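Participant: Sequence and predicted structure, then a few things I'm wondering about:
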Amino acid sequence: MERWLIAFALALGILITLRVLEAVLAHRYFKKDQVQGGLYGLIGSLVEKASTVVMAILAVFAGSLVLELPAPVDKWFSAVVIIAFIIQTAIWANELIVFALRRYQSKHDIREEGDRMTTLRALGFLGKLVLIAVAALLVLDNIPGVKITTLLASLGIGGIAVAIALQNILADLFASLSIVLDKPFVIGDFIVVDVFSGTVEYIGLKSTRIRSLSGEQLIFSNNDLLKSRIRNFKRMAERRVLFSIGVVYQTPHEKIKRIPGMIRETIEAQDNVRFDRAHFQGYADSALNFEIVYYVLSAEYNLYMDIRQTINLELFKKFADADISFAYPTRTVHLQTPAEGTGLEQTPSLTEGAESDRP
(Lines give C-alpha, C1' and ligand atoms only; values in the text may rest on other atoms or scores of the structure.)
Protein backbone atom coordinates (compact mmCIF):
# COMPACT_ATOMS: atom_id res chain seq x y z
CA MET A 1 0.00 0.00 0.00
CA GLU A 2 2.87 2.32 0.83
CA ARG A 3 4.31 1.88 -2.66
CA TRP A 4 0.97 2.75 -4.23
CA LEU A 5 0.81 5.97 -2.21
CA ILE A 6 4.35 6.82 -3.21
CA ALA A 7 3.52 6.10 -6.87
CA PHE A 8 0.38 8.26 -6.66
CA ALA A 9 2.24 11.14 -5.00
CA LEU A 10 5.08 10.90 -7.51
CA ALA A 11 2.68 10.89 -10.48
CA LEU A 12 0.67 13.83 -9.10
CA GLY A 13 3.81 15.82 -8.34
CA ILE A 14 5.23 15.24 -11.82
CA LEU A 15 1.91 16.22 -13.46
CA ILE A 16 1.63 19.46 -11.46
CA THR A 17 5.27 20.30 -12.17
CA LEU A 18 4.80 19.74 -15.92
CA ARG A 19 1.63 21.88 -15.99
CA VAL A 20 3.27 24.74 -14.09
CA LEU A 21 6.36 24.52 -16.29
CA GLU A 22 4.17 24.60 -19.39
CA ALA A 23 2.30 27.71 -18.24
CA VAL A 24 5.48 29.57 -17.23
CA LEU A 25 7.39 28.78 -20.42
CA ALA A 26 4.45 29.54 -22.71
CA HIS A 27 3.88 32.93 -21.05
CA ARG A 28 7.58 33.76 -21.16
CA TYR A 29 8.09 32.91 -24.84
CA PHE A 30 4.86 34.57 -25.98
CA LYS A 31 5.93 37.73 -24.15
CA LYS A 32 9.34 37.62 -25.85
CA ASP A 33 7.66 37.08 -29.20
CA GLN A 34 5.68 40.32 -28.80
CA VAL A 35 8.90 42.25 -28.11
CA GLN A 36 11.55 40.54 -30.25
CA GLY A 37 9.61 38.35 -32.66
CA GLY A 38 11.52 35.54 -34.36
CA LEU A 39 10.99 31.96 -33.26
CA TYR A 40 9.88 32.72 -29.71
CA GLY A 41 6.26 32.52 -30.81
CA LEU A 42 6.87 29.09 -32.30
CA ILE A 43 8.47 27.82 -29.08
CA GLY A 44 5.57 29.23 -27.07
CA SER A 45 3.05 27.53 -29.37
CA LEU A 46 4.85 24.19 -29.11
CA VAL A 47 4.92 24.41 -25.31
CA GLU A 48 1.24 25.37 -25.24
CA LYS A 49 0.37 22.43 -27.51
CA ALA A 50 1.76 19.95 -24.98
CA SER A 51 -1.23 17.72 -24.26
CA THR A 52 -2.38 17.43 -20.65
CA VAL A 53 -3.43 13.83 -21.34
CA VAL A 54 0.06 12.97 -22.59
CA MET A 55 1.61 14.62 -19.56
CA ALA A 56 -0.72 12.63 -17.30
CA ILE A 57 0.26 9.37 -19.02
CA LEU A 58 3.95 10.19 -18.58
CA ALA A 59 3.39 11.09 -14.91
CA VAL A 60 1.52 7.85 -14.25
CA PHE A 61 4.23 5.88 -16.03
CA ALA A 62 6.91 7.55 -13.92
CA GLY A 63 4.94 6.74 -10.77
CA SER A 64 4.49 3.13 -11.85
CA LEU A 65 8.26 2.63 -11.91
CA VAL A 66 8.24 2.20 -8.12
CA LEU A 67 5.68 -0.60 -8.44
CA GLU A 68 6.14 -4.19 -9.47
CA LEU A 69 3.53 -4.70 -12.17
CA PRO A 70 2.71 -7.97 -13.99
CA ALA A 71 4.49 -8.43 -17.31
CA PRO A 72 1.36 -8.05 -19.51
CA VAL A 73 0.34 -4.85 -17.71
CA ASP A 74 3.85 -3.46 -17.95
CA LYS A 75 3.91 -4.31 -21.65
CA TRP A 76 0.64 -2.46 -22.30
CA PHE A 77 1.73 0.44 -20.14
CA SER A 78 4.92 0.84 -22.18
CA ALA A 79 2.89 0.68 -25.41
CA VAL A 80 0.52 3.40 -24.17
CA VAL A 81 3.47 5.65 -23.32
CA ILE A 82 5.01 5.15 -26.77
CA ILE A 83 1.67 5.84 -28.47
CA ALA A 84 1.21 9.00 -26.38
CA PHE A 85 4.69 10.16 -27.39
CA ILE A 86 3.89 9.51 -31.09
CA ILE A 87 0.65 11.50 -30.84
CA GLN A 88 2.38 14.39 -29.08
CA THR A 89 5.10 14.44 -31.72
CA ALA A 90 2.44 14.54 -34.45
CA ILE A 91 0.73 17.48 -32.70
CA TRP A 92 4.03 19.39 -32.59
CA ALA A 93 4.79 18.58 -36.24
CA ASN A 94 1.34 19.85 -37.25
CA GLU A 95 1.96 23.07 -35.31
CA LEU A 96 5.25 23.52 -37.20
CA ILE A 97 3.40 23.29 -40.52
CA VAL A 98 0.72 25.75 -39.40
CA PHE A 99 3.35 28.18 -38.07
CA ALA A 100 5.33 28.07 -41.32
CA LEU A 101 2.23 28.82 -43.43
CA ARG A 102 1.08 31.60 -41.10
CA ARG A 103 4.53 33.19 -41.04
CA TYR A 104 4.85 33.16 -44.82
CA GLN A 105 1.34 34.58 -45.25
CA SER A 106 2.05 37.43 -42.80
CA LYS A 107 5.11 38.51 -44.80
CA HIS A 108 3.61 38.34 -48.28
CA ASP A 109 0.64 39.91 -50.00
CA ILE A 110 -1.87 37.25 -51.05
CA ARG A 111 -3.15 39.46 -53.87
CA GLU A 112 0.33 39.64 -55.39
CA GLU A 113 1.43 36.06 -54.71
CA GLY A 114 -1.84 34.15 -54.83
CA ASP A 115 -0.31 31.32 -56.87
CA ARG A 116 2.37 30.71 -54.23
CA MET A 117 -0.14 30.81 -51.40
CA THR A 118 -2.35 28.30 -53.21
CA THR A 119 0.61 25.96 -53.70
CA LEU A 120 1.83 26.34 -50.11
CA ARG A 121 -1.60 25.64 -48.70
CA ALA A 122 -1.84 22.54 -50.84
CA LEU A 123 1.60 21.41 -49.69
CA GLY A 124 0.57 22.11 -46.11
CA PHE A 125 -2.51 19.95 -46.53
CA LEU A 126 -0.51 17.13 -48.11
CA GLY A 127 2.06 17.42 -45.31
CA LYS A 128 -0.67 17.09 -42.69
CA LEU A 129 -2.16 14.13 -44.56
CA VAL A 130 1.20 12.34 -44.67
CA LEU A 131 1.79 13.19 -41.00
CA ILE A 132 -1.54 11.68 -39.95
CA ALA A 133 -0.95 8.56 -42.05
CA VAL A 134 2.55 7.99 -40.63
CA ALA A 135 1.40 8.63 -37.06
CA ALA A 136 -1.53 6.23 -37.47
CA LEU A 137 0.73 3.48 -38.82
CA LEU A 138 3.24 3.97 -35.99
CA VAL A 139 0.45 3.83 -33.40
CA LEU A 140 -0.96 0.63 -34.91
CA ASP A 141 2.50 -0.89 -35.11
CA ASN A 142 3.04 -0.33 -31.37
CA ILE A 143 -0.24 -1.88 -30.24
CA PRO A 144 0.52 -5.35 -28.81
CA GLY A 145 -0.96 -8.14 -30.93
CA VAL A 146 -1.64 -5.99 -34.00
CA LYS A 147 0.11 -7.10 -37.21
CA ILE A 148 0.42 -4.09 -39.43
CA THR A 149 0.96 -6.07 -42.67
CA THR A 150 -2.28 -8.03 -42.23
CA LEU A 151 -4.16 -4.84 -41.43
CA LEU A 152 -2.87 -3.09 -44.54
CA ALA A 153 -3.90 -6.03 -46.71
CA SER A 154 -7.44 -5.94 -45.33
CA LEU A 155 -7.58 -2.18 -45.83
CA GLY A 156 -6.82 -2.67 -49.53
CA ILE A 157 -9.99 -4.75 -49.97
CA GLY A 158 -12.12 -2.47 -47.83
CA GLY A 159 -10.73 0.60 -49.58
CA ILE A 160 -12.59 -0.30 -52.78
CA ALA A 161 -15.93 -0.23 -50.98
CA VAL A 162 -15.02 3.01 -49.23
CA ALA A 163 -13.98 4.59 -52.54
CA ILE A 164 -17.34 3.70 -54.12
CA ALA A 165 -19.24 5.12 -51.15
CA LEU A 166 -17.20 8.33 -51.13
CA GLN A 167 -16.85 8.84 -54.87
CA ASN A 168 -18.30 12.37 -54.77
CA ILE A 169 -15.91 13.43 -52.02
CA LEU A 170 -12.98 11.80 -53.82
CA ALA A 171 -13.98 13.60 -57.04
CA ASP A 172 -13.80 16.91 -55.19
CA LEU A 173 -10.45 15.88 -53.68
CA PHE A 174 -8.89 15.14 -57.07
CA ALA A 175 -10.46 18.31 -58.47
CA SER A 176 -8.78 20.24 -55.65
CA LEU A 177 -5.41 18.72 -56.57
CA SER A 178 -6.06 19.58 -60.21
CA ILE A 179 -6.76 23.21 -59.28
CA VAL A 180 -3.58 23.38 -57.23
CA LEU A 181 -1.37 21.78 -59.88
CA ASP A 182 -2.90 23.23 -63.06
CA LYS A 183 -3.74 26.64 -61.48
CA PRO A 184 -6.72 27.77 -63.61
CA PHE A 185 -7.09 30.34 -60.83
CA VAL A 186 -5.36 31.10 -57.54
CA ILE A 187 -6.23 32.93 -54.34
CA GLY A 188 -6.86 36.59 -55.12
CA ASP A 189 -8.02 36.09 -58.73
CA PHE A 190 -11.30 37.65 -59.88
CA ILE A 191 -13.26 34.98 -61.77
CA VAL A 192 -16.66 34.61 -63.38
CA VAL A 193 -18.46 31.25 -63.24
CA ASP A 194 -21.70 31.19 -65.23
CA VAL A 195 -23.68 34.11 -63.76
CA PHE A 196 -21.60 34.33 -60.57
CA SER A 197 -18.47 36.43 -60.09
CA GLY A 198 -16.10 37.34 -57.28
CA THR A 199 -12.61 37.09 -55.81
CA VAL A 200 -11.19 33.69 -54.82
CA GLU A 201 -10.65 33.62 -51.03
CA TYR A 202 -9.98 29.98 -50.26
CA ILE A 203 -9.31 26.74 -52.15
CA GLY A 204 -10.13 23.81 -49.91
CA LEU A 205 -10.24 20.06 -50.04
CA LYS A 206 -13.89 19.87 -51.12
CA SER A 207 -14.91 23.40 -52.04
CA THR A 208 -13.68 26.78 -53.22
CA ARG A 209 -14.96 29.99 -51.64
CA ILE A 210 -15.45 33.21 -53.58
CA ARG A 211 -16.32 36.66 -52.25
CA SER A 212 -18.83 38.29 -54.59
CA LEU A 213 -18.98 41.99 -55.45
CA SER A 214 -22.09 42.43 -53.31
CA GLY A 215 -20.30 40.98 -50.28
CA GLU A 216 -21.72 37.49 -49.80
CA GLN A 217 -19.57 34.38 -49.92
CA LEU A 218 -20.17 31.93 -52.77
CA ILE A 219 -19.20 28.29 -52.20
CA PHE A 220 -18.56 25.99 -55.16
CA SER A 221 -17.87 22.28 -55.18
CA ASN A 222 -14.40 21.80 -56.70
CA ASN A 223 -15.65 19.13 -59.10
CA ASP A 224 -18.56 21.28 -60.30
CA LEU A 225 -16.26 24.30 -60.59
CA LEU A 226 -13.88 22.53 -62.97
CA LYS A 227 -16.81 21.39 -65.11
CA SER A 228 -17.91 25.02 -65.58
CA ARG A 229 -16.61 27.67 -67.97
CA ILE A 230 -14.37 29.92 -65.87
CA ARG A 231 -13.37 33.42 -66.94
CA ASN A 232 -10.27 34.66 -65.08
CA PHE A 233 -10.09 38.46 -65.27
CA LYS A 234 -6.98 38.71 -63.07
CA ARG A 235 -4.85 37.29 -65.90
CA MET A 236 -6.20 39.71 -68.48
CA ALA A 237 -3.23 41.70 -69.77
CA GLU A 238 -5.37 44.32 -71.52
CA ARG A 239 -9.08 45.02 -71.98
CA ARG A 240 -10.67 45.37 -75.43
CA VAL A 241 -13.39 48.03 -75.56
CA LEU A 242 -15.95 48.09 -78.37
CA PHE A 243 -18.62 50.77 -78.55
CA SER A 244 -20.64 52.67 -81.12
CA ILE A 245 -22.17 56.11 -81.47
CA GLY A 246 -24.72 57.49 -83.90
CA VAL A 247 -25.23 60.93 -85.42
CA VAL A 248 -28.31 62.32 -87.16
CA TYR A 249 -28.90 61.96 -90.90
CA GLN A 250 -28.82 65.73 -91.33
CA THR A 251 -25.06 65.77 -90.55
CA PRO A 252 -23.12 67.18 -93.55
CA HIS A 253 -20.78 64.94 -95.50
CA GLU A 254 -17.66 66.88 -94.50
CA LYS A 255 -18.42 66.54 -90.80
CA ILE A 256 -19.07 62.81 -91.17
CA LYS A 257 -15.61 62.43 -92.71
CA ARG A 258 -14.07 64.28 -89.73
CA ILE A 259 -15.72 62.14 -87.03
CA PRO A 260 -13.30 59.11 -87.14
CA GLY A 261 -10.34 61.47 -86.81
CA MET A 262 -11.96 63.30 -83.89
CA ILE A 263 -12.57 60.00 -82.11
CA ARG A 264 -9.01 58.81 -82.75
CA GLU A 265 -7.55 62.05 -81.44
CA THR A 266 -9.65 61.82 -78.26
CA ILE A 267 -8.70 58.21 -77.53
CA GLU A 268 -4.98 58.61 -78.25
CA ALA A 269 -4.83 61.54 -75.83
CA GLN A 270 -5.51 59.16 -72.93
CA ASP A 271 -2.82 57.32 -70.96
CA ASN A 272 -2.74 53.49 -70.81
CA VAL A 273 -4.78 53.26 -74.03
CA ARG A 274 -4.03 51.86 -77.49
CA PHE A 275 -6.29 53.00 -80.32
CA ASP A 276 -7.35 50.30 -82.80
CA ARG A 277 -9.96 51.65 -85.22
CA ALA A 278 -12.93 53.97 -85.79
CA HIS A 279 -15.17 53.52 -88.84
CA PHE A 280 -18.44 54.73 -90.30
CA GLN A 281 -20.16 51.40 -89.83
CA GLY A 282 -23.48 51.85 -91.61
CA TYR A 283 -26.99 53.23 -91.80
CA ALA A 284 -29.45 52.52 -89.03
CA ASP A 285 -33.14 53.45 -88.81
CA SER A 286 -32.48 56.68 -86.94
CA ALA A 287 -28.71 57.20 -87.08
CA LEU A 288 -25.48 57.08 -88.99
CA ASN A 289 -23.49 54.63 -86.88
CA PHE A 290 -19.77 54.67 -86.11
CA GLU A 291 -18.00 51.68 -84.52
CA ILE A 292 -14.91 52.26 -82.36
CA VAL A 293 -12.41 49.81 -80.84
CA TYR A 294 -9.57 50.57 -78.43
CA TYR A 295 -7.60 48.73 -75.75
CA VAL A 296 -7.05 49.67 -72.12
CA LEU A 297 -3.54 48.48 -71.22
CA SER A 298 -4.51 47.28 -67.76
CA ALA A 299 -6.88 44.75 -66.21
CA GLU A 300 -7.92 47.21 -63.49
CA TYR A 301 -11.68 47.76 -63.81
CA ASN A 302 -11.76 51.16 -62.10
CA LEU A 303 -9.07 52.46 -64.45
CA TYR A 304 -11.06 51.17 -67.43
CA MET A 305 -14.19 52.98 -66.26
CA ASP A 306 -12.26 56.21 -65.61
CA ILE A 307 -10.82 56.15 -69.13
CA ARG A 308 -14.18 55.35 -70.70
CA GLN A 309 -15.83 58.20 -68.81
CA THR A 310 -13.11 60.67 -69.91
CA ILE A 311 -13.46 59.61 -73.55
CA ASN A 312 -17.26 59.96 -73.44
CA LEU A 313 -17.05 63.43 -71.92
CA GLU A 314 -14.43 64.59 -74.44
CA LEU A 315 -16.45 63.27 -77.39
CA PHE A 316 -19.58 64.98 -76.10
CA LYS A 317 -17.71 68.31 -75.88
CA LYS A 318 -16.06 67.98 -79.31
CA PHE A 319 -19.32 67.05 -81.02
CA ALA A 320 -21.05 70.03 -79.40
CA ASP A 321 -18.26 72.38 -80.51
CA ALA A 322 -18.46 71.00 -84.08
CA ASP A 323 -22.29 71.30 -84.11
CA ILE A 324 -22.68 67.52 -84.61
CA SER A 325 -25.83 66.10 -83.06
CA PHE A 326 -26.10 62.62 -81.55
CA ALA A 327 -28.98 60.59 -82.92
CA TYR A 328 -31.85 59.11 -80.99
CA PRO A 329 -34.95 57.21 -82.18
CA THR A 330 -37.48 59.52 -83.89
CA ARG A 331 -40.56 59.09 -86.10
CA THR A 332 -41.91 61.59 -88.62
CA VAL A 333 -45.63 61.57 -89.52
CA HIS A 334 -46.66 63.07 -92.92
CA LEU A 335 -50.21 64.42 -93.31
CA GLN A 336 -51.47 64.27 -96.89
CA THR A 337 -54.45 66.38 -98.08
CA PRO A 338 -56.45 64.61 -100.86
CA ALA A 339 -56.94 66.35 -104.21
CA GLU A 340 -60.27 68.11 -105.00
CA GLY A 341 -62.95 66.05 -106.71
CA THR A 342 -61.94 62.76 -105.16
CA GLY A 343 -64.71 62.78 -102.63
CA LEU A 344 -62.26 62.46 -99.76
CA GLU A 345 -61.97 66.15 -98.93
CA GLN A 346 -63.68 65.64 -95.56
CA THR A 347 -61.67 62.54 -94.69
CA PRO A 348 -58.02 63.50 -94.89
CA SER A 349 -55.78 60.49 -94.76
CA LEU A 350 -52.98 60.01 -92.29
CA THR A 351 -50.07 58.25 -93.88
CA GLU A 352 -47.11 57.21 -91.84
CA GLY A 353 -43.94 57.75 -93.80
CA ALA A 354 -40.47 56.42 -93.41
CA GLU A 355 -38.50 57.23 -90.32
CA SER A 356 -36.06 60.13 -90.51
CA ASP A 357 -33.61 61.58 -88.06
CA ARG A 358 -34.19 64.89 -86.38
CA PRO A 359 -32.08 66.43 -83.66
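Facilitator: Structure's in. What do you need? Residues are numbered from 1 along each chain as shown.
Participant: Is residue 88 in contact with residue 50, as I believe?
Facilitator: Yes. Under the criterion of C-beta atoms under 8 Å, residue 88 lies in contact with residue 50, with a separation of 7.0 Å. For glycine as for every other residue, the C-beta is placed from the backbone atoms N, C-alpha and C.
Participant: Run through the residues that contact residue 211.
Facilitator: Contact analysis of residue 211 by C-beta atoms under 8 Å, 6 or more residues apart in numbering lists 198, 199, 201, 217, 218.
Participant: where does it fall, helix, sheet strand or coil?
Facilitator: Under the three-state scheme (DSSP: H, G, I helix; E, B strand; the rest coil), residue 211 adopts strand.
Participant: Over to residue 334?
Facilitator: Under three-state DSSP, the three-state class of residue 334 is strand.
Participant: so how many other residues sit close to it?
Facilitator: Using other C-beta atoms under 10 Å as the criterion, residue 334 is surrounded by 10 other residues.
Participant: That one bridge partners, please.
Facilitator: residue 351 (DSSP bridges).
Participant: begin at 340 from here
Facilitator: Taking 340 as the first residue, the last one we looked at is residue 673.
Participant: So for it, what's the pLDDT?
Facilitator: At residue 673, the model reports a pLDDT of 76.
Participant: same check, this time on residue 517
Facilitator: Looking at residue 517, the pLDDT reads 83.
Participant: From the contacts of residue 550, keep the buried residues only.
Facilitator: With neighbours counted using 16 or more other C-beta atoms under 10 Å, the contacts of residue 550 contain these buried positions: 537, 538.
Participant: Could you export the contacts of residue 550 as JSON lines, including secondary structure, pLDDT and distance to residue 441?
Facilitator: Putting the contacts of residue 550 into JSON lines (DSSP: H, G, I helix; E, B strand; the rest coil; pLDDT from 0 to 100; distance: C-beta to C-beta, whole Å) gives the following:
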{"residue": "537", "secondary structure": "strand", "pLDDT": "92", "distance to residue 441": "25"}
{"residue": "538", "secondary structure": "strand", "pLDDT": "91", "distance to residue 441": "21"}
{"residue": "540", "secondary structure": "strand", "pLDDT": "89", "distance to residue 441": "16"}
{"residue": "556", "secondary structure": "strand", "pLDDT": "93", "distance to residue 441": "22"}
{"residue": "557", "secondary structure": "strand", "pLDDT": "93", "distance to residue 441": "25"}
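Participant: Burial check on the residue nearest to residue 627 when sequence neighbours are not counted, number of neighbours?
Facilitator: Using C-beta to C-beta, 6 or more residues apart in numbering and skipping the chain neighbours, the partner closest in space to residue 627 is residue 586 (5.2 Å). Residue 586 has 21 neighbours, counted by other C-beta under 10 Å.
Participant: cool, residue 548 as well?
Facilitator: Burial of residue 548, expressed as a neighbour count using other C-beta under 10 Å, amounts to 16.
Participant: With that, I have no additional questions.
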